[in-house]
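Colleague: Generate a structure from the sequence data that follows.
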Amino acid sequence: MRGRSSRTPENEAALLEAVVLNGGNVSAACKECVIGRTTVFEWSQADPEFKKRLDAAVDRGMDVLEDECRRRAFAGTDEPVFHKGEVCGYIRKYSDLLAIFMLKGARPEKYRERFNQEISGPGGGPLRIDSPVVVLPDDGSDPNIPSAADAGSIAATGAVPPSVDPAVEVPGEPS
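Modeller: Modelled structure (predicted):
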C-alpha cells in the first residue's frame, strides 16, 4: 500500500491513535492512516521502543473494544421501531451473547463450559484394569484377528491359517 509510509512522529502518533480507536486492529489502523501493514511491522522490528508503544496501543484498543461490548451487553442499544415506513419510537436491545462472553472472560473458573473429571478406583486409589492390554503392530492390524481373505478361506475350508493363533482365548467365549 502506498501513501504516508515515511516514518515521522506525526505518522506514528496517527497510527497509534488509530490502533486504539479501531479496537487494537493494526490492519484497520494501517488502512485508515494509509500506511502499509508491512511497513509497520518493519518499524516494530527496527525499533523496540516503537514496538512497546504499538503493543500498548493494541492493549488500549482492546480496552476500548471491551468497553463497547460491556455497553452493548449491559446498557443496551436503542434500535428504531418503524410503522408504515416511519420511525415511531425506539426499543432498547441488550446483547445476551456479549454478556455471556464478558462473564466467561471475567470469571472463567465459574462460567467456563469445560470441566475436569477425574476417575479413580475404590477409595480414591488408582483404577485397576483386569483386561489384558493388546499392543497392535504399527499398521494397526491385529495378528489374532483373521483378515477378510482369511475369514473367507476359513469359512470355505474350515482350516485356520497360521497367522491366526487358535490358542488365544477370547473373553466371553467357552474354551
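Colleague: can you map out the strands along the protein?
Modeller: 77-83, 86-93 (DSSP state E).
Colleague: got the CA positions of the shortest one in PDB?
Modeller: Translated: strand 77-83. In PDB, the C-alpha atoms belonging to strand 77-83 read as follows (Å, rounded to 0.1, in the frame of the first residue of the first chain):
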ATOM      1  CA  THR A  77     -28.500   0.000  22.300                       C
ATOM      2  CA  ASP A  78     -31.600   1.900  21.100                       C
ATOM      3  CA  GLU A  79     -33.000   0.500  17.800                       C
ATOM      4  CA  PRO A  80     -35.700   2.300  15.900                       C
ATOM      5  CA  VAL A  81     -39.200   0.900  15.600                       C
ATOM      6  CA  PHE A  82     -41.000   1.600  12.300                       C
ATOM      7  CA  HIS A  83     -44.600   1.900  11.500                       C
END
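Colleague: ok, and what's touching that strand?
Modeller: 71, 87-93 (Cβ atoms under 8 Å, 6 or more residues apart in numbering). For every residue, glycine as well, the C-beta is placed using N, CA and C.
Colleague: Among these, which one has the most neighbours?
Modeller: Ranked by neighbour count (other Cβ atoms under 10 Å), the contacts of strand 77-83 have residue 71 at the top, with 13 neighbours.
Colleague: now that one, nearest residue through space, not along the chain?
Modeller: In space, and not counting its chain neighbours, residue 71 is closest to residue 77: 8.0 Å by Cβ to Cβ, 6 or more residues apart in numbering.
Colleague: Could you check how many residues crowd around the one you found?
Modeller: 12.
Colleague: How about it: which residues does it bridge to?
Modeller: Using DSSP bridges, the bridge partners assigned to residue 77 are residue 93.
Colleague: any idea how far it is from residue 89?
Modeller: Distance of residue 77 to residue 89, computed by Cβ to Cβ, to the nearest Å: 14 Å.
Colleague: same thing with residue 8?
Modeller: Residue 8 is 50 Å from residue 89, by Cβ to Cβ.
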